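>>> sequence and predicted structure below; questions after.
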Amino acid sequence: METNLLLKAYLKKLRLPTMRRDLEKALAEATQANLPYERFLLGLVEQEIFSREENTLRSRLARAKFPLVKTLDTFDFTQIPSLDKQSVLQLAEGDFIREAKNCVCIGNSGTGKTHIATAIGVAACQAGFKVRFATAAGLVNELLEARKDSRLARLQNSLMRFDLVILDELGYIPFDATGAQLLFNFFAERYERRSLLVTTNLDFGGWTSIFGDESLTGALLDRLTHHCHILLMNGESYRFRESQKEKNRKGVKNDNATRKAQKNQGE
């Protein structure tokens, strides 16, 4: 008993909370199974490692600020024939992040661009990368607020610590000249240093409508697409398709209820 108390005290001092928590259970199992000392110790250390990895992953996912955690195994690739599944799976392995390359998902609304971008981001978190998710409008607002409060450099330095920044929904809201310039600077700072993953409903020819200046847009695209993977995701809206399915299910349910009511009245 005294030995166990000392072990727990030492494990607490060494900041090994999982080993301290599981010590008595592991000792009982080792005694019952007659495990060698090294197997007992290995099992206890493994639990500590697994616990730390889980806590670290939870921390990365929280810092990423994903609106929802999505994974590739829940995405229906058959609904978007233009999307190369193998390319997406390769991107999820994270080599483009290690090489400081970019990725752009282009497609009409509702085709799953955010799902794909988030799933790649989640896979990156699982691989140990630091990820940040933001909408394009949200990031521009952050930059504008930081500029107003004289903390723009601090925010820019903070963003550069992320291996991958996911910029969602670029193209839905145009920016004023100041916002466009700040976003251009953000893109330029990450060029060949850190990775970007951008989702947009506009092809590159339409980006001038977002930034308002043709030369600025050209310079931005030149940097973004120099080392870049392009994912084409045009197709029928997933959200529209799901809403139609729901309407059909409700229609069938209502028809069945009507027929049942008519039958009851006839009886």
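That came through fine.
>>> mind listing the helices for the chain?
2-13, 17-33, 37-64, 85-92, 95-98, 113-126, 136-148, 152-160, 177-190, 208-211, 214-224, 238-266 (DSSP state H).
>>> hmm, which helix or strand of the protein has the shakiest average pLDDT?
Every helix and strand in the chain was compared by mean pLDDT, DSSP states H and E; the lowest is helix 238-266, with a mean of 55.
>>> relative to Thr199, which of the helices of the chain is closest?
helix 113-126 (4.0 Å; CB to CB). C-beta coordinates here come from the backbone N, C-alpha and C atoms, glycine included.
>>> for the closest one, name the packing helices and strands.
helix 37-64, helix 85-92, strand 102-106, strand 131-135, strand 164-170, strand 195-200 (3 or more CB pairs under 8 Å, 6 or more residues apart in numbering; DSSP states H and E).
>>> now that helix: mean pLDDT?
Averaged across helix 113-126, the pLDDT comes to 97.
>>> for Leu23, see how far away Lys13 is.
For Lys13, the distance to Leu23 equals 14 Å [CB to CB, to the nearest Å].
>>> these two: which is more packed in?
A direct count of neighbours by other CB atoms under 10 Å for Lys13 and Leu23 places Leu23 higher, at 16 against 9.
>>> check contacts around that one.
Neighbour list for Leu23: 4, 7-8, 11, 44 [criterion: CB atoms under 8 Å, 6 or more residues apart in numbering].
>>> if we can go back for a sec, mind giving me JSON lines with the helices and strands packed on helix 113-126 and columns for distance to Asp149, mean pLDDT and mean neighbour count?
Listed next are the helices and strands packed on helix 113-126 as JSON lines, based on distance: least, CB to CB, whole Å; pLDDT from 0 to 100; neighbours: other CB atoms under 10 Å:
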{"stretch": "helix 37-64", "distance to Asp149": "22", "mean pLDDT": "85", "mean neighbour count": "14"}
{"stretch": "helix 85-92", "distance to Asp149": "36", "mean pLDDT": "96", "mean neighbour count": "16"}
{"stretch": "strand 102-106", "distance to Asp149": "29", "mean pLDDT": "96", "mean neighbour count": "24"}
{"stretch": "strand 131-135", "distance to Asp149": "18", "mean pLDDT": "97", "mean neighbour count": "21"}
{"stretch": "strand 164-170", "distance to Asp149": "21", "mean pLDDT": "97", "mean neighbour count": "24"}
{"stretch": "strand 195-200", "distance to Asp149": "25", "mean pLDDT": "97", "mean neighbour count": "24"}
